[in-house]
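Visitor: sequence first, then the predicted structure:
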Amino acid sequence: MIIVVQQTVFDIDAAIIFVVIATSIAIGFIGYRANKTVSQFLFANKALGSWLLAFSIMSTYYSAASFLGGGGATYLYNLGFGAWLTAWHVIGVLILWFVVASKLFDYVSKTNALSIPELIEHRYKSFGARVIASSIIILLFTLYLVSVYKSGAIVIAKQFSIDFSIALLILVIPVLIYIVVGGMRAAAINNLFLGTLMLVAAALTFYYIMSYVGGPMEGLKKLSNTTILGKYPGDLWLRIDGMGPPQAMKENAVPQLIMSIAFSIGMAQVALPNLLLQFYAARDKKAISRGRIIGPVLVALYAMLMFSLGAFAHLIIDNKLSKEQVTALMKDVDWVIPTTISMIVEPGLRGIIIAGPIAASMTTIALTVLTIANTVVRDFIQPFKNIEKESTLVLTAKIASIMFSLIPIPLALTQNQLIIDLVSASFGTIFACFIGPVTIGLYWKKASREAAIASMLIGAVTGVTWYMLIYRKYTWIHSTIPATILAILTFTILSITTKQK
């Protein structure tokens, strides 16, 4: 991992980050009195307006990886990656808000299904489908949290010059406090605060990098006339079949790699349970209708600000680093944006920018943990032991939140390659599992129980297996693509050939 400027514990940048974390804890107590029932704790008493809903979904979806990896990706990949990634984010968020949101809200309002697995059981009249769905959510989201923990904690560890394990606790404990104390309402208000910080950090990063290179057009001109590492012409970054991982370039596989990764990340939001669950907390359909304007604008704005900056960072940092350091950055692009910021941004504003990925991690952790807690209580405990006392249900949900926020910590501390591969595969695999049963199933009345069960299983198995055994070894197509294709084909064919019961 590379970062050029180390900060001391007591500098202004560190103080700003501390204030952000402390403020998030304080916000948690806003929701303290409004979490006495399960509906209040897990769904903010179904009172989220359009702004809270839109900011909460945007900031949950964008983790620290969007700031670090998304911002730095075109340091290695060509600018086509940034363009495709932005495009698929816009397409995905429009489908989420205009196609899925209202239909989902109507369905859960009519059926009172209070979790995605419960919705699947109600829709397909199958408790087995509910168990499979809840198992996928708990397992894959727990693994997904490992990557969120790692990216956020690395930033904290570097900024405060502390051990990674301590940084993990600094990241996780504040989130744990405010979701246990204030539940969904506190998480949503925090997402408004932290999501705004993310946008400010993205805007500042864009401004400083573009100002340094003379603006986008001048930057493109300079990039095309430069040579990177003494062997890569800068115009490779201007062609979609140009720069990328060396092995992918050798096999002429850069375009398919770029497009498959961009699709996998951008379209995932259409079927991610930690995003869909937040529509359950909408005040009414008016909140969703108004959110259709706000939500897509927020996602698109963040994407346009961040996703092409890495390429221009070559013009800023390469002549200040050794060839070995540039090579290392091209292998680990997460550190491109922090390294660039450390060189060109003054203290204070630098702290606000660095707080951006930390804020992104916190928002993603909060709603993902609440989604897991809801699944544990609603789908693993309630069906077998009917708990009627609200205070007991809330306590159970809080205990589940604590447990599943702590489980990823030892996994994040482990450098086992198997764990890293599973984490990387989890995000797109979740999408592949639920695109049929939830997103398509809300509209297609003939979708069958067998189709829902089979598509979830095939999506899960294909996603993980393809990523670990095939992706980058035999093909440069991301695992989400075959997992999604096979899951949708299975869902469609079985729905047509089996009778509903």
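Guide: Structure's in. What do you need?

Visitor: CA atoms only for stretch 454-464 - export them in CSV, please.
Guide: Output for stretch 454-464, consisting of C-alpha atoms alone and laid out as CSV, is shown next (Å, rounded to 0.1, in the frame of the first residue of the first chain):
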residue,chain,number,x,y,z
ALA,A,454,-33.3,-22.7,-9.0
SER,A,455,-32.2,-19.2,-10.2
MET,A,456,-31.0,-18.2,-6.7
LEU,A,457,-28.9,-21.4,-6.3
ILE,A,458,-27.5,-21.2,-9.8
GLY,A,459,-26.7,-17.5,-9.5
ALA,A,460,-24.8,-18.2,-6.2
VAL,A,461,-22.9,-21.2,-7.3
THR,A,462,-22.0,-19.8,-10.7
GLY,A,463,-21.0,-16.4,-9.3
VAL,A,464,-18.6,-17.8,-6.7
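
Visitor: next, the buried residues of it.
Guide: Judged by neighbour count (16 or more other CB atoms under 10 Å), stretch 454-464 contains these buried residues: 454-456, 458-460, 462-464. Every C-beta, even on glycine, is put in place using the N, C-alpha and C of the backbone.

Visitor: for the protein, give me the ranges with low pLDDT.
Guide: Counting by pLDDT under 70, the ranges of the chain that qualify are 1-10, 31-34, 415-424, 499-501.

Visitor: before we move on, the earlier item: save the buried residues of stretch 454-464 as JSON lines, and put in distance to residue 258 and secondary structure too.
Guide: Output for the buried residues of stretch 454-464, formatted as JSON lines (distance: CB to CB, whole Å; DSSP: H, G, I helix; E, B strand; the rest coil):
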{"residue": "454", "distance to residue 258": "31", "secondary structure": "helix"}
{"residue": "455", "distance to residue 258": "27", "secondary structure": "helix"}
{"residue": "456", "distance to residue 258": "28", "secondary structure": "helix"}
{"residue": "458", "distance to residue 258": "26", "secondary structure": "helix"}
{"residue": "459", "distance to residue 258": "23", "secondary structure": "helix"}
{"residue": "460", "distance to residue 258": "25", "secondary structure": "helix"}
{"residue": "462", "distance to residue 258": "21", "secondary structure": "helix"}
{"residue": "463", "distance to residue 258": "19", "secondary structure": "helix"}
{"residue": "464", "distance to residue 258": "22", "secondary structure": "helix"}
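
Visitor: now render those as CSV, adding distance to residue 39.
Guide: Conversion of the buried residues of stretch 454-464 to CSV gives the following (distance: CB to CB, whole Å):
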residue, distance to residue 39
454, 33
455, 31
456, 27
458, 35
459, 31
460, 30
462, 36
463, 33
464, 34
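
Visitor: which one of the residues you listed is nearest residue 207?
Guide: In terms of CB to CB, no member of the buried residues of stretch 454-464 lies closer to residue 207 than residue 463, at 38.0 Å.

Visitor: and the closest one, what is it in contact with?
Guide: Residues in contact with residue 463, defined by CB atoms under 8 Å, 6 or more residues apart in numbering, are 425, 428-429, 432-433, 479-480, 483.

Visitor: ok, now residue 226?
Guide: For residue 226, the set of contacting residues under the criterion of CB under 8 Å, 6+ apart consists of 234, 314-315.

Visitor: look up how far residue 276 lies from it.
Guide: Applying CB to CB, to the nearest Å, the value for residue 226 to residue 276 is 44 Å.

Visitor: just the terminal-to-terminal distance for stretch 377-391.
Guide: Its start and end residues considered, stretch 377-391 measures 13 Å (CA to CA, to the nearest Å).

Visitor: how about it: buried residues?
Guide: In stretch 377-391, counting by 16+ other CB under 10 Å, buried: 377-382.

Visitor: same thing with stretch 223-234?
Guide: Within stretch 223-234, the residues scored as buried using 16+ other CB under 10 Å are 223, 226, 228, 232, 234.

Visitor: adding secondary structure and distance to residue 16, write those residues out as JSON lines.
Guide: Putting those into JSON lines (DSSP: H, G, I helix; E, B strand; the rest coil; distance: CB to CB, whole Å) gives the following:
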{"residue": "223", "secondary structure": "helix", "distance to residue 16": "32"}
{"residue": "226", "secondary structure": "coil", "distance to residue 16": "34"}
{"residue": "228", "secondary structure": "strand", "distance to residue 16": "33"}
{"residue": "232", "secondary structure": "strand", "distance to residue 16": "37"}
{"residue": "234", "secondary structure": "helix", "distance to residue 16": "35"}
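
Visitor: need the contact list for residue 350.
Guide: Under the criterion of CB under 8 Å, 6+ apart, the contact partners of residue 350 comprise 13, 341-342.

Visitor: let me know the closest of those to residue 405.
Guide: Of all those, the one sitting nearest residue 405 is residue 13; the distance, using CB to CB, is 26.5 Å.

Visitor: contacting residues around that closest one?
Guide: Contact partners of residue 13, counting by CB under 8 Å, 6+ apart, are 7, 159, 347-348, 350-351, 354.

Visitor: before we move on, the earlier item: residue 67: which of the contacts of residue 463 is nearest?
Guide: After measuring the contacts of residue 463 against residue 67 - CB to CB - the closest member comes out as residue 428, at 19.4 Å.

Visitor: quick one: the closest one and residue 268 touch, right?
Guide: Yes. When contacts are counted by CB atoms under 8 Å, residue 428 is listed as touching residue 268 (5.9 Å).

Visitor: so those two - more neighbours on which side?
Guide: residue 428 (27 against 24; other CB atoms under 10 Å).

Visitor: check the offset of the helix ranked longest in the chain from the chain's centre.
Guide: Longest helix of the chain, by residue count under DSSP state H: helix 164-213. If you compare the mean C-alpha spot of helix 164-213 with that of the full chain, they lie 13 Å apart, counting by CA atoms, centre = their mean, to the nearest Å.

Visitor: and the host helix or strand of residue 71, what does it pack onto?
Guide: Following DSSP states H and E, the helix or strand that holds residue 71 is helix 64-72. In terms of contacts (3 or more CB pairs under 8 Å, 6 or more residues apart in numbering; DSSP states H and E), helix 64-72 is packed against helix 127-160, helix 164-213, helix 285-306, helix 309-317, helix 336-344, helix 349-375.

Visitor: and that helix with helix 127-160, angle?
Guide: Our comparison of helix 64-72 with helix 127-160, counting by axes from the mean of the first three to the mean of the last three CA atoms, to 10 degrees, yields an angle of 60 degrees.

Visitor: and the gap between residue 228 and residue 325?
Guide: Look at residue 228 and residue 325: by CB to CB, they are 13 Å apart.

Visitor: same thing with residue 181?
Guide: In this view, residue 181 and residue 325 are 43 Å apart by CB to CB.

Visitor: same thing with residue 351?
Guide: Separation of residue 351 from residue 325 (CB to CB): 24 Å.

Visitor: of those two, who's got more company?
Guide: Here residue 351 and residue 325 are compared on neighbour count by other CB under 10 Å; more neighbours surround residue 351, at 23 against 16.

Visitor: shouldn't the more buried one be in contact with residue 155?
Guide: No. Taking CB under 8 Å as the definition, residue 351 is not a contact partner of residue 155, at 11.6 Å.
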